[in-house]
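# Sharing a sequence plus its predicted fold:
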Amino acid sequence: MRLRIDLAYDGTDFSGWAAQPGLRTVEGELSSALATVLRAPAPVRVTVAGRTDAGVHARGQVVHADVDDEAFAQLPGRSDRGPEEAARTRLTGVLPADVVVRSVRRAPTGFDARFSALQRRYRYRVCDAPGGMDPLRRRDTVLVRDRLDVEAMDTAARGLVGLHDFAAFCKRREGASTVRTLLHYAWARGEDGVLEASVVADAFCHSMVRALVGAVVPVGEGRHPVGFPREVLLGAVRDPRVRVMPAHGLSLEEVRYPPDEELAARAEEARAVRVLPPPTP
């Protein structure tokens, strides 16, 4: 039986999502916790909507896990709770405080946490006023020295939206496509004075969001013109002028899925290798 698990975590003390020998990871903690509550003989394999790097946080992460249906049905024990609520409660009891399970439910037919997703939304926080930095937000906000022009950053960011090859903003993997559809990229200054980026795409490459931020911050500092990020995009190669921003300012906020009847078709579509359409004559 396939479960959908929605969770959140503070990524500060994790070596990223993916399980690695000898390192503390979110996947490792969740897999072990599932094995404990289900009394499985080995860690339960989970598939995640979006792998996060070391230090990156999540409020809206989604995973699926295929589990033994009898073991799942027995989770309530003698209580009158359903197995879904019993699973959430028991996972809360064994997981560390920096991982929170929001909900556990039976996944609809065709659901794949990774491939069924339509879009992922990330947020990046930057404080450009050292005296205004909230020390309670130091784990999810990056501090920069210079005052930033948020209007220029927003204009530069919007120039990257669309279907493109984002090779200039990705760490390449052999055989993997870097073609993505960036659906939304905008900057605004919040009521607390902190700049926040909202970045939405159908999918992201490794380190893509932090590189997209790194291309726009120099525009806000006045070191590059508004057209600089798009120039980098069209160059299609990693540019040494673009630095990958620190991980702790980034958080996965939301993963969106289509209606249940479209889940399987979306997963099949997402597994296809992405390529750019031929240029219009």
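Sure thing, it's come through. Numbering: from 1, shown residues only.

# can you give me the strands in the protein?
2-9, 46-48, 57-66, 99-106, 119-127, 142-143, 162-165, 179-189, 195-201, 250-256 (DSSP state E).

# can I get those strands in TSV with distance to residue 173?
For glycine as for every other residue, the C-beta is placed from the backbone atoms N, C-alpha and C. Output for the strands of the chain, formatted as TSV (distance: least, CB to CB, whole Å):
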stretch	distance to residue 173
strand 2-9	24
strand 46-48	17
strand 57-66	21
strand 99-106	27
strand 119-127	18
strand 142-143	26
strand 162-165	14
strand 179-189	13
strand 195-201	17
strand 250-256	20
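
# nearest to residue 72, of these?
strand 2-9 (7.4 Å; CB to CB).

# Name the strands paired with that closest one and say parallel or antiparallel.
As defined by DSSP bridges, the strand partners of strand 2-9 come to strand 57-66 (antiparallel), strand 99-106 (antiparallel).

# Now distance to residue 197 and mean pLDDT too, for those strands, in a markdown table please.
Formatted as a markdown table, the strands paired with strand 2-9 follow (distance: least, CB to CB, whole Å; pLDDT from 0 to 100):
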| stretch | distance to residue 197 | mean pLDDT |
| --- | --- | --- |
| strand 57-66 | 14 | 98 |
| strand 99-106 | 24 | 98 |
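
# now for the strands of the chain, which one comes closest to residue 219?
strand 179-189 (9.8 Å).

# Convert that closest one to PDB, retaining C-alpha atoms only.
What follows is strand 179-189, C-alpha atoms only, in PDB (Å, rounded to 0.1, in the frame of the first residue of the first chain):
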ATOM      1  CA  VAL A 179      15.600  22.100 -19.500                       C
ATOM      2  CA  ARG A 180      13.000  23.400 -17.100                       C
ATOM      3  CA  THR A 181      10.000  25.700 -17.100                       C
ATOM      4  CA  LEU A 182      10.400  28.500 -14.600                       C
ATOM      5  CA  LEU A 183       6.800  29.500 -13.900                       C
ATOM      6  CA  HIS A 184       7.400  32.400 -11.500                       C
ATOM      7  CA  TYR A 185      10.400  34.200 -10.000                       C
ATOM      8  CA  ALA A 186       9.800  37.400  -8.100                       C
ATOM      9  CA  TRP A 187      11.300  39.500  -5.300                       C
ATOM     10  CA  ALA A 188       9.600  41.700  -2.700                       C
ATOM     11  CA  ARG A 189      10.500  43.300   0.600                       C
END
